[in-house]
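**Q** Structure for this input, please:
(chains A, B, C and D)
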Protein chains: 4
Amino acid sequence: MQLGMIGLGRMGANIVRRIVRDGHTAVGFERRTEHIDQLAAELGENFQGSTELQKFVAMLETPRVVWVMIPAGATGAVIDSVAELLDPGDIIIDGGNSRYHEDIARAAALRPKGIHYVDIGTSGGVFGLDRGFCLMIGGEDETVGYLDPLLKSIAPGVEAAPRTPGRTGTPSTAEQGYLHCGPAGAGHFVKMVHNGIEYGAMAAYAEGLNILYQANVGNESDAEHSAEVTPLEHPEYYRYDIDVPEVTEVWRRGSVVASWLLDLTAAELHADPNLDTFTGRVSDSGEGRWTVDAAIDEGVPTPVLAAALFQRFASRGNAVYADKLLSAMRQAFGGHHELPKG
Amino acid sequence: MQLGMIGLGRMGANIVRRIVRDGHTAVGFERRTEHIDQLAAELGENFQGSTELQKFVAMLETPRVVWVMIPAGATGAVIDSVAELLDPGDIIIDGGNSRYHEDIARAAALRPKGIHYVDIGTSGGVFGLDRGFCLMIGGEDETVGYLDPLLKSIAPGVEAAPRTPGRTGTPSTAEQGYLHCGPAGAGHFVKMVHNGIEYGAMAAYAEGLNILYQANVGNESDAEHSAEVTPLEHPEYYRYDIDVPEVTEVWRRGSVVASWLLDLTAAELHADPNLDTFTGRVSDSGEGRWTVDAAIDEGVPTPVLAAALFQRFASRGNAVYADKLLSAMRQAFGGHHELPKG
Amino acid sequence: MQLGMIGLGRMGANIVRRIVRDGHTAVGFERRTEHIDQLAAELGENFQGSTELQKFVAMLETPRVVWVMIPAGATGAVIDSVAELLDPGDIIIDGGNSRYHEDIARAAALRPKGIHYVDIGTSGGVFGLDRGFCLMIGGEDETVGYLDPLLKSIAPGVEAAPRTPGRTGTPSTAEQGYLHCGPAGAGHFVKMVHNGIEYGAMAAYAEGLNILYQANVGNESDAEHSAEVTPLEHPEYYRYDIDVPEVTEVWRRGSVVASWLLDLTAAELHADPNLDTFTGRVSDSGEGRWTVDAAIDEGVPTPVLAAALFQRFASRGNAVYADKLLSAMRQAFGGHHELPKG
Amino acid sequence: MQLGMIGLGRMGANIVRRIVRDGHTAVGFERRTEHIDQLAAELGENFQGSTELQKFVAMLETPRVVWVMIPAGATGAVIDSVAELLDPGDIIIDGGNSRYHEDIARAAALRPKGIHYVDIGTSGGVFGLDRGFCLMIGGEDETVGYLDPLLKSIAPGVEAAPRTPGRTGTPSTAEQGYLHCGPAGAGHFVKMVHNGIEYGAMAAYAEGLNILYQANVGNESDAEHSAEVTPLEHPEYYRYDIDVPEVTEVWRRGSVVASWLLDLTAAELHADPNLDTFTGRVSDSGEGRWTVDAAIDEGVPTPVLAAALFQRFASRGNAVYADKLLSAMRQAFGGHHELPKG
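**A** You can find the predicted model right below:
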């Protein structure tokens, strides 16, 4: 089967590599010639590319399958451009990080032209080439069914994890690492929630490890400690010098919190035990926010996911005004003066 | 009636002032002579003081009433010292910010000596002299009853607030601003929870006002904004320049969030509209922590009170290690690099 | 000055009463004749009303001032209808609980017709008639300035609270209880955040009082307690029977948490000490949700406001599926069985 | 090497099985004869057991190694009893779920008798026999070093997970699944935080999956929805019927949130797709509470871990009084009536 890929950045290129490895062919569009040349050198006759959209479309067999894999901000305009060049029966896939609201609108806009729209949330990050990409898919049954050979090649495959107890017979596509989640937008909806969970789980590790990291506060001199806060009732309980990198390593085997995120954390802490290369300003990329927005719309309580999101906001200094207000109130009712920064 | 006060700092001195104004007499103990002299000059023959504990005790009529009003850290030792000098039937009051656990222990330790112990949580801060102090009291019925004339003089009185609809007849002591809450520790327990609520309410104002303060983020250039986070979907919704000090002022009259804390906030914002005299490092003084500890022991969910407490911890930089971990994980799975600080 | 009021429910009628009391006149539109008759009987010649929109408009002097005070869901359609009947220079006020997004759209839609649009967030609830309404206003400078006599009459007035220390000279409008917050939408934006703060402050009280209410868990038999959770390490710390209604009363005078919300809570607890008339299903009416949405858009951390919102969702049973998942996981890794409901 | 095990429940028996499989011998103490007989039948001459503590101690070679693996509530008394029977140089291990405070006290109490005390936090649950147990260890260097052969046999071993990139040479013990974390209490301290993280991560999944589960709220009739809350602005965004069990399955392969907890969740949802066998009353077993207590003592913000804990409290009905207060306040200021339960 043939796949057309718009955007040969890391993610797009790796998806192309996975399908070609599995016997399919690919056509690429990308403005940066070197990305096309690199893939052509690697993949030989099974790949061809162009820096011109019209030529790219012309290289595709019908019904054309066009996967758009570019930053979310640019996706809408590119889909509009390519849709102009397509014919009824062709398929456009948005594999990026669009908000699912846009999928619903785009599918509706393309439907009168006979163009089928599929949204795919793609997880796997920089490891996807080897590990495979977990695919969450939204769109019409028939269209998604048509794409099955490609999706199967991109996904990790059933052997990527032990089979869930009780599952027998032919593995479902979910067991192979890809799932048709529902109509337009369902793929990005599920991916959005996936990332929301990711924020929460990341924060759980970060908070817990921070407790271990500061488990020696009982060794600080009382004077130092009590200047700003109430003195520790039991300093003798906080005199541990925990080797946090080794703790993350030991938890990787046999513990309840073993996970891929923990594997990555252990690797980072092994490479940079004190995390000196980081400042602690944590970005957020949309999905975490949209997840909480959706929870609020649905009336579903998500205190953990929201707390994880707010922690990131605060890490970038966005709580400072609120903190100043707290200090001002304390001064007003109690005459408490702020202490200078350590 | 006569009151002995140990500690003539702002709070102790103002309590003395209130009872003398109301026709009682007071004896003070304090190491700093100038504090004694100041009160003696103000209050004349109704006040006498000493810098020696033994002399102080000797000046008291029996049964002696000794109110200890010093920093929580020093309270235990002073109570031990003074108890040595007292007789059966005398009364010791801890009016400071002790943890109620200590009240339970102290009351039990003094009981065999026939000394009565009363714990009083005192709210009112720097305004207590004029406004009166709200008193939350723990101890034996008879002892607390005996102290009633003094407590009534210290408390704000029924006219300090409009009477609650439905309350008729002789006002209860609660309506006068003092309440016997239960046996030893009950006073500090209720005061502790009072402060926990205070933390939560303060945070509610601070967070909301922060939203108003940053209501113009839609005016930032997109480039600036999107470098670190997802671009605003609707920048046109965030182009307000809200006058936060005036908003706090308008809410003081007729709104549901009118409160004494809001009064204070409006005053602070009037004096320093941009809060330039503050850095945003917020101290915490014990009660907020103990409140959450108690909630956890009881199995009572307190997400708001705990979030308010954690916000203060984070304001002092205690989340930085956790934040670095988040950045490290993001780099690991997504190749995301941290952006340099603004 | 004359005011036209669409909607003579509790809020609309009380606003009419306040302005007429202050020397203005009013015209009302309302489908329920009895509401019109009631006001006419009360207010005499200074009020007239109609059940027909066209007649209502005809009764108004130009430039017409039309205040729409009806449920948010119906506001848009009514504004569209009345705008059809107005002339350039007339003014429409939305005094209800619309989302500020709609104000921005409506102001823009009415501008080409020369109709001025003003949004007013109104706080004061059932007490507004006597206490006055706190008004947060969005719109053009000139239009809001034109309405000043009416706004002044509706607002509580400067005497409703002690003047903030440091404020001198002629009181600002904020000191009188009304504030022009910015262009279209600014009034409802500030009101929205006001309600968000209200949610947070309410939750702070509710959580703290819940700790007091359950301060006797140490009296439960161990067996009872430990069946489901870890036994209390110090049951002796939780043997208080706190009179929660009296505690809310005592805090009303002299304490840091004194507030109007506390006044109301004390009144409710006096009338129904165990809150037996309530089930604990807490509604939410939009503003709390929109506040958190705005915070997320701005990147402002609001852990307290969000926790307060989520608590309401959970009170209506919306967390049950999540809770079942937790039980399922516990069973899976630890063989823990759920205990039957008490 | 020989291990004495007190308590042959699931955990204790499986630890015995693992060491005997690996060439060690074991002696067991247990009151329930059938547990001893079962192990004797399985393990033959490499295991012997007794229902009498004195006989059990007599069977042990010196220096004796006694691992106590019984419910936390009973551990202290059993350690006291067995310590009476031991000699200087012997070793007691608490492998259960004691609070680390007790470890510090016990180690200090046993030190004068020359008995060495080691605390081991043990993770692995019902899967530990096959998967191995993750061991977090506190105690003196020499003692822990002496136990190394046993610990290595109990732990999962390096092959249980891919080696962390960058780690070379002989694997550390952490890479084999056991870690000496520090002096007395350090093992249970790290295990405590491990469980705190577990609570947070579990909640992240549960909240996110709840959003997916309720992604069809846009299909509810408006009337139904708006009776209690503000109507959905965009019901068309919430018309998905997500197959939650399949989503957990697809995330197991290639996604960022793949984890052992997710594996277990997928298995539970496969077995009981609607979780009908659960009511949603979630127990908590101590460590989650102690983790937040420790965070508060250290001044470390843990909003996510605390929110996860409070969610469990609320699942058992402990928020109802707070919720009733919220309803009471809403009635007081806005005249809002509570809606009857669905």
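
**Q** Could you find the closest non-adjacent residue to the residue in the stretch 1-150 of chain A positioned nearest to chain C?
**A** For the stretch 1-150 of chain A and chain C, the shortest gap (CB to the nearest CB) falls at residue A:99, measuring 12.9 Å. Quick note: C-beta positions are derived from backbone N, CA and C, even for glycine. Computed as CB to CB, 6 or more residues apart in numbering or on different chains, the closest residue to residue A:99 that is not its neighbour in sequence is residue A:290, at 5.7 Å.

**Q** so who does the residue of the stretch 1-150 of chain A closest to chain C touch?
**A** Going by CB atoms under 8 Å, 6 or more residues apart in numbering or on different chains, residue A:99 touches A:72, A:188, A:192, A:286, A:290, B:233.

**Q** Kindly write the PyMOL command that selects the buried subset of those.
**A** Of the contacts of residue A:99, the buried ones can be selected in PyMOL as follows, counting by 16 or more other CB atoms under 10 Å in any protein chain shown:
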select buried, chain A and resi 72+188+192+286+290
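
**Q** a markdown table for the contacts of residue A:99, including secondary structure?
**A** What follows is the contacts of residue A:99, written out as a markdown table (DSSP: H, G, I helix; E, B strand; the rest coil):
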| residue | secondary structure |
| --- | --- |
| A:72 | helix |
| A:188 | helix |
| A:192 | helix |
| A:286 | coil |
| A:290 | helix |
| B:233 | coil |
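
**Q** What is the nearest of the contacts of residue A:99 to residue D:155?
**A** residue A:192 (38.4 Å; CB to CB).

**Q** so that closest one makes contact with residue A:292?
**A** No - counting by CB atoms under 8 Å, residue A:192 does not reach residue A:292; the two are 10.2 Å apart.

**Q** worst-scoring helix or strand of chain A, pLDDT-wise?
**A** Sorting the helices and strands of chain A by mean pLDDT, DSSP states H and E puts helix A:222-226 at the bottom, at a mean of 53.

**Q** Beyond that one, next helix or strand please.
**A** helix A:244-251 (DSSP states H and E).

**Q** Go ahead and name everything in contact with that next one.
**A** Helix A:244-251 is contacted by residues A:209, A:212-213, A:257-258, A:262, A:265-266, A:269-270, A:273, D:123, D:134-136, D:164, D:167, D:172-175, D:177-179, D:181, D:190, D:194 when judged by CB under 8 Å, 6+ apart.

**Q** Just the CA trace of that helix, in PDB.
**A** Coordinates of the C-alpha atoms in helix A:244-251 are reproduced here as PDB (Å, rounded to 0.1, in the frame of the first residue of the first chain):
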ATOM      1  CA  VAL A 244      17.200   9.400  44.200                       C
ATOM      2  CA  PRO A 245      18.600   8.100  40.900                       C
ATOM      3  CA  GLU A 246      19.100   4.600  42.500                       C
ATOM      4  CA  VAL A 247      15.600   4.700  43.900                       C
ATOM      5  CA  THR A 248      14.200   5.200  40.500                       C
ATOM      6  CA  GLU A 249      16.300   2.300  39.200                       C
ATOM      7  CA  VAL A 250      15.200  -0.100  41.900                       C
ATOM      8  CA  TRP A 251      11.500   0.700  41.300                       C
END
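
**Q** In helices, which of the contacts of helix A:244-251 appear?
**A** Counting by DSSP state H, the contacts of helix A:244-251 place A:209, A:212-213, A:262, A:265-266, A:269-270, D:173-175, D:190, D:194 in helices.

**Q** partner strands of the longest strand belonging to chain A, parallel or antiparallel?
**A** Taking DSSP state E as the criterion, chain A has its longest strand at strand A:116-123. Paired strands of strand A:116-123, with direction, are strand A:91-94 (parallel), strand A:134-138 (antiparallel) (DSSP bridges).

**Q** quick one: that strand to helix D:244-251, angle?
**A** 60 degrees (axes from the mean of the first three to the mean of the last three CA atoms, to 10 degrees).

**Q** ok, now which ones touch the closest residue to chain B within the stretch 51-200 of chain A?
**A** Nearest residue of the stretch 51-200 of chain A to chain B, counting by CB to the nearest CB: residue A:125, 4.2 Å away. Residue A:125 sits next to B:333-335, D:256 when contact means CB under 8 Å, 6+ apart.

**Q** Of those residues, keep whichever come out buried.
**A** Using 16+ other CB under 10 Å as the burial test, these include B:333-334, D:256 as buried.

**Q** how many neighbours does residue A:121 have?
**A** Residues lying near residue A:121 (other CB atoms under 10 Å in any protein chain shown) number 30.

**Q** Same check on residue A:141?
**A** Residue A:141: 10 surrounding residues under other CB under 10 Å.

**Q** which residues touch it?
**A** By CB under 8 Å, 6+ apart, the residues touching residue A:141 are residue A:180.

**Q** got the buried residues for stretch A:325-338?
**A** A:325-334, A:336, A:338.

**Q** and that stretch, average pLDDT?
**A** Confidence over stretch A:325-338 (mean pLDDT, whole number) is 90.

**Q** any residue of that stretch up close to chain D?
**A** No - Stretch A:325-338 stays clear of chain D (CB under 8 Å from any CB of the partner chain), getting no nearer than 14.1 Å.

**Q** interface residues of the stretch 201-342 of chain A facing chain C?
**A** For the stretch 201-342 of chain A, the contact set with chain C under CB under 8 Å from any CB comprises A:256, A:289, A:292-293, A:296-303, A:306-307, A:309-311, A:313-314, A:316, A:318-319, A:322, A:333.

**Q** quick one, phi/psi of the residue of the stretch 51-200 of chain A closest to chain B?
**A** Residue A:125 adopts backbone torsions of phi 60, psi -150, taken as degrees, to the nearest 10.

**Q** What score does the nearest residue to residue A:186 once chain neighbours are set aside have for pLDDT?
**A** The spatial neighbour of residue A:186 that comes closest, neighbours along the chain excluded (CB to CB, 6+ apart), is residue A:138 at 3.6 Å. pLDDT recorded at residue A:138 is 98.

**Q** Repeat that for the one 10 residues further on.
**A** Each residue has a pLDDT score; the one for residue A:148 is 98.

**Q** For it, grab phi and psi.
**A** phi -50, psi -40.

**Q** measure it to residue A:135 for me?
**A** 11 Å (CB to CB, to the nearest Å).

**Q** go on, residue A:184?
**A** For residue A:184 relative to residue A:135 (CB to CB), the value is 16 Å.

**Q** one step back: can you select the buried ones from the contacts of helix A:244-251 in PyMOL?
**A** In PyMOL syntax, the buried subset of those is picked out as below (16+ other CB under 10 Å):
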select buried, (chain A and resi 209+212+213+257+258+262+265+266+269+270) or (chain D and resi 123+134+135+136+164+172+173+174+175+177+178+179+181+190+194)
